[in-house]
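K.L.:
Here is the input, now give the coordinates:
(4 chains)
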Protein chains: 2
Amino acid sequence: MSNYRTDTARLAAAFKALSNPNRLNIFSRLLLCCASGSACQVDQCMKIVVGELGKDMDIAASTLSHHLKALHQAGLISMQRRGQHVDCWVNAEMVEQLSFFLNISKN
Amino acid sequence: MSNYRTDTARLAAAFKALSNPNRLNIFSRLLLCCASGSACQVDQCMKIVVGELGKDMDIAASTLSHHLKALHQAGLISMQRRGQHVDCWVNAEMVEQLSFFLNISKN
DNA sequence: TCTATAGTTCGATATATGTCGAACTATAGA
DNA sequence: TCTATAGTTCGACATATATCGAACTATAGA
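P.N.:
As a prediction, the model looks like this:
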């Protein structure tokens, strides 16, 4: 499987999602969430609520929402409503695919 | 060291360089060049001439040049004139930095 | 049922990007 | 010195993107 054109397009779309500094910043926070030593609570481990992600970032709520949608559509994050809030977390498989691509010459 | 803002901007710029399908395709060819089993000659190992990179891609020479410039400015590739030709090769350190970022939670 | 909180969608707008062809520069070789 | 080949730069243009504020939807709690 893995049509070359489609594959390239999919990867390019994912890289595009990481190409905006604000969006990359948001994604970083998710990547770092609950990395060894961070302070997340157990039941929220790996997840952050949308509002948290935008903290100290000086962008409008609508812009934050827009960026999260872009990350989601690129397959980089997942989102799920939990009451009033929406949880976000990294989609590890997609990150793995990007990493694999970058290290293709080593494999 | 490694100012956070600057770092984010640098990484975002690199991801942006990979965000266009044609550009990603060009970069793929460089990544795969001389990966185990490929057919490059020894003295050209890891390098491809600009013209080669655009083969079968159906884009204008000027567009190819534009894309290579973008990859170069993002620190992803290096270029050097050799007579009539210009050699291109991947900048492994930059690729390593992107990979490191993606795997940050594992480190 | 009313209100507050958390997010999203919409429309507008300024800016950036990808692409082309034409004109240019640099090198090799006759 | 002339010509062919390899790339680059320039200017134009259509399309995509980032951002905002306003209006909207969804949920929780009084």
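K.L.:
CA only for contacts and neighbour counts going forward, please
P.N.:
OK.
K.L.:
Show me the helices in chain A, by range?
P.N.:
Assigned by DSSP state H, chain A shows helices spanning A:4-17, A:21-32, A:50-53, A:61-73, A:92-102.
K.L.:
of all those helices, which gets the most neighbours per residue?
P.N.:
helix A:21-32 (a mean of 21; mean count of other C-alpha atoms under 10 Å in any protein chain shown).
K.L.:
Does DNA strand C have contacts with that one?
P.N.:
No. Helix A:21-32 is not in contact with DNA strand C by C-alpha under 7 Å from any atom of the strand; minimum separation 11.2 Å.
K.L.:
circling back: the helices of chain A: which one's closest to B:Gly51?
P.N.:
With C-alpha to C-alpha as the criterion, B:Gly51 lies closest to helix A:4-17 of the helices of chain A, at 20.6 Å.
K.L.:
Work out the gap between that closest one and the centre of the chain.
P.N.:
Relative to the chain's own centre, helix A:4-17 is displaced by 15 Å; criterion: C-alpha atoms, centre = their mean, to the nearest Å.
K.L.:
ok, now how distant is the residue nearest to A:Ala17 when sequence neighbours are not counted from A:Val95?
P.N.:
Nearest non-adjacent residue to A:Ala17, counting by C-alpha to C-alpha, 6 or more residues apart in numbering or on different chains: A:Leu71, 5.6 Å away. Between A:Leu71 and A:Val95 the computed distance is 12 Å (C-alpha to C-alpha, to the nearest Å).
K.L.:
ok, now A:Gly51?
P.N.:
23 Å.
K.L.:
what's the answer for A:Lys55, then?
P.N.:
Taken as C-alpha to C-alpha, the span from A:Lys55 to A:Val95 is 24 Å.
K.L.:
and A:Leu18, what does it touch?
P.N.:
A:24, A:27, A:71, B:12, B:15-16 (C-alpha atoms under 8 Å, 6 or more residues apart in numbering or on different chains).
K.L.:
Could you list which residues are in contact with A:Ser78?
P.N.:
A:72, A:88-91.
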